[in-house]
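**Student:** Structure for the following, please:
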Amino acid sequence: MKFRLTFAFLILGLVLAFLGGKGLVTSIMPAKDLYDQSVDWTKLKNGQRVYANVDFVFEPFEITSNDSGQDVSAIYTIPDLKVDSDDNIYIAHYMGILVKSEDFSKYDRMVDASWDWWDGKVELGSAGTDSFDGYLRKMDKKEKEFIHDYLKDWYSESEIEEMVVPYVMMRNQTMLANVLMFVGGIVLTLVGALFGFLFFIKKGGN
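**Tutor:** Residues are numbered from 1 along each chain as shown. So this is what the prediction gives:
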């Protein structure tokens, strides 16, 4: 029992320290502005830090619910707006952005305003913006299928393959949360190591 407890402390501590350390490293990395016209979305990398003042967004292509059937998060569709040499605006690529349930109403208003802007009815950003600071996570197989399914009414499969950048924008935890996670992980690891040392000393004494 004591050995299992020691092992659990070590594993949990190492995991927390790794996640907290990874978050700290990500938070101090230079961020790419996704709406900078010079940024090529196809050259972005998994885990890369990014930021954007999100003001143009389409409907979610995946919604996650809890055991009670309540929607807890959704991945909305983020288009990559570009301007050609004739000053025409077009969509070059798509990726996802993870949104928590408390921000659903805000993003739904932004979706409606985005379609109205696309139809020339309102100014871009008329429903407000979301200042996003986070990192990119690679889409899993189901997420890729869902975004392909969402876009299939507008594009051919070959066009979708070229336009979808298979990443989801994930919001960073605060610096404080990462520090606490990292320090907590280190403490748990040390406690686990101490328990293990005492356990083997006691066992050797027997």
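
**Student:** Break this protein down into its domains, please.
**Tutor:** 1-29+174-206, 31-172 (automatic domain parsing).

**Student:** least reliable of the ones you listed going by mean pLDDT?
**Tutor:** Ranked by mean pLDDT, the domains of the chain bottom out at domain 1-29+174-206, with a mean of 56.

**Student:** residues near residue 116, how many?
**Tutor:** Residues near residue 116, counting by other C-beta atoms under 10 Å, number 15. C-betas here are computed from N, CA, C, even on glycine.

**Student:** Same check on residue 59?
**Tutor:** By other C-beta under 10 Å, the residues close to residue 59 number 14.

**Student:** Same check on the one 10 residues further on?
**Tutor:** Number of residues near residue 69 (other C-beta under 10 Å) recorded here: 6.

**Student:** repeat for the one 10 residues further on
**Tutor:** Other residues within reach of residue 79, judged by other C-beta under 10 Å, total 17.

**Student:** unless I'm mixing things up, it is touching residue 90, no?
**Tutor:** No: the pair residue 79 / residue 90 is not scored as a contact, 9.5 Å apart, by C-beta atoms under 8 Å.

**Student:** For residue 164, name its beta-bridge partners.
**Tutor:** residue 94 (DSSP bridges).

**Student:** wait, is residue 117 part of a helix?
**Tutor:** Yes: counting by DSSP: H, G, I helix; E, B strand; the rest coil, residue 117 is part of a helix.

**Student:** Report the contact partners of it.
**Tutor:** Contacts for residue 117 (C-beta atoms under 8 Å, 6 or more residues apart in numbering) come out as 56, 123, 124, 126.

**Student:** Which element, helix or strand, includes residue 127?
**Tutor:** Counting by DSSP states H and E, there is no helix or strand that carries residue 127.

**Student:** what's near enough to touch it?
**Tutor:** 109, 110, 112, 113, 114.

**Student:** got the phi/psi numbers for it?
**Tutor:** Main-chain dihedrals, residue 127, degrees, to the nearest 10: phi -100, psi 10.

**Student:** And residue 104, by the same measure?
**Tutor:** According to degrees, to the nearest 10, residue 104 has phi -60, psi -50.

**Student:** What number of residues are in the vicinity of it?
**Tutor:** Per other C-beta under 10 Å, the neighbour tally for residue 104 reads 17.

**Student:** mind listing what it touches?
**Tutor:** Neighbour list for residue 104: 71, 74 [criterion: C-beta under 8 Å, 6+ apart].

**Student:** What separation is there between it and residue 145?
**Tutor:** Remark: distance between residue 104 and residue 145 (C-beta to C-beta, to the nearest Å) = 23 Å.

**Student:** same check, this time on residue 164
**Tutor:** In this view, residue 164 and residue 145 are 11 Å apart by C-beta to C-beta.

**Student:** Comparing these two, which shows the higher neighbour count?
**Tutor:** Using other C-beta under 10 Å, the more surrounded residue of residue 164 and residue 145 is residue 164, with 21 against 13.

**Student:** With that, I have no additional questions.
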